[in-house]
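**Q** no FASTA, just this:
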């Protein structure tokens with residue numbers, strides 16, 4: 001996680017090439033995936049964004065997800081389970097957190113993804129579609145650097161100068177707090193007032 005310096009928004013980097021959609025759905029049910037997506041959004045909304053706002057001296061709740069599709073194989077793109085996961089994730093964001101998304105950058109996308117995107121984006125509203133940009137070039141820096149005035153905020157593979165590719169939080173105290181939830185030291189349900197509030201989120205079961 002890094003921080004953009006033009007809009008002063010958090011950037012969540014998601015390397016999809018490391019994901020295994022088949023194993024994901026063997027490990028988690030769609031309902032559990034929905035709750036995980038809620039967890040990520042609640043952590044961003046209740047912990048990370050307020051911390052960034054405090055540091056920059058202005059309130060900003062919108063994030064800039066960076067979705068890296070390097071090494072995403074044809075098998076993954078053709079797997080029908082990918083649409084299930086995408087549908088659950090996008091439903092959570094659109095129904096419960098529509099204002100959390102500032103802009104999303106999908107980079108190093110395989111050419112086949114362009115055809116798949118024509119299908120996937122149908123589950124998104126026009127407003128959400130307008131916030132997502134997809135780039136297929138091997139060098140994503142020309143897409144990303146206009147959003148960053150300090151390139152050291154970005155790892156080197158995205159055009160920045162940051163060498164450490166590990167997670168970056170806005171300060172050590174925030175990092176410690178976030179890790180207590182991810183490690184299970186604190187119950188993530190503290191961040192979710194009532195699960196019944198999310199029962200109307202559509203799930204694609206087949």
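**A** Now that the structure is in, tell me what you want to look at. What you see is a predicted model, and the numbers here were worked out from it, not measured in a lab.

**Q** how near is the nearest residue to residue 141 once chain neighbours are set aside to residue 147?
**A** Sequence neighbours aside, residue 159 is the residue nearest to residue 141 in space, at 2.6 Å (criterion: Cβ to Cβ, 6 or more residues apart in numbering). C-beta: built from backbone N, CA, C; applies to glycine. Residue 159 is 10 Å from residue 147, where distance means Cβ to Cβ, to the nearest Å.

**Q** which one of the two has more residues nearby?
**A** Shown here are residue 159 and residue 147; by other Cβ atoms under 10 Å, residue 147 has more neighbours (19 against 16).

**Q** Test my guess that that one contacts residue 8.
**A** No: proximity of residue 147 to residue 8 does not meet the contact threshold set by Cβ atoms under 8 Å, at 10.8 Å.

**Q** what residue is smack in the middle of this protein?
**A** Centroid-nearest residue in the chain, with Cα atoms, centre = their mean: residue 65, separated by 4.6 Å.

**Q** Relative to residue 34, how far out is it?
**A** To residue 34, residue 65 is 17 Å away according to Cβ to Cβ.

**Q** what do you get for residue 132?
**A** Distance of residue 132 to residue 34, given as Cβ to Cβ: 20 Å.

**Q** Give me the more crowded residue out of those two.
**A** residue 34 (22 against 17).

**Q** Quick check: closest non-adjacent residue to the more buried one.
**A** Once flanking residues are discounted, residue 34 sits nearest to residue 88: 5.2 Å by Cβ to Cβ, 6+ apart.

**Q** hang on, that neighbour in a helix?
**A** Yes: remark: residue 88 belongs to a helix, assigned using DSSP: H, G, I helix; E, B strand; the rest coil.

**Q** if I look at it, how far off is residue 184?
**A** From residue 88 over to residue 184 the distance is 22 Å, taken as Cβ to Cβ.
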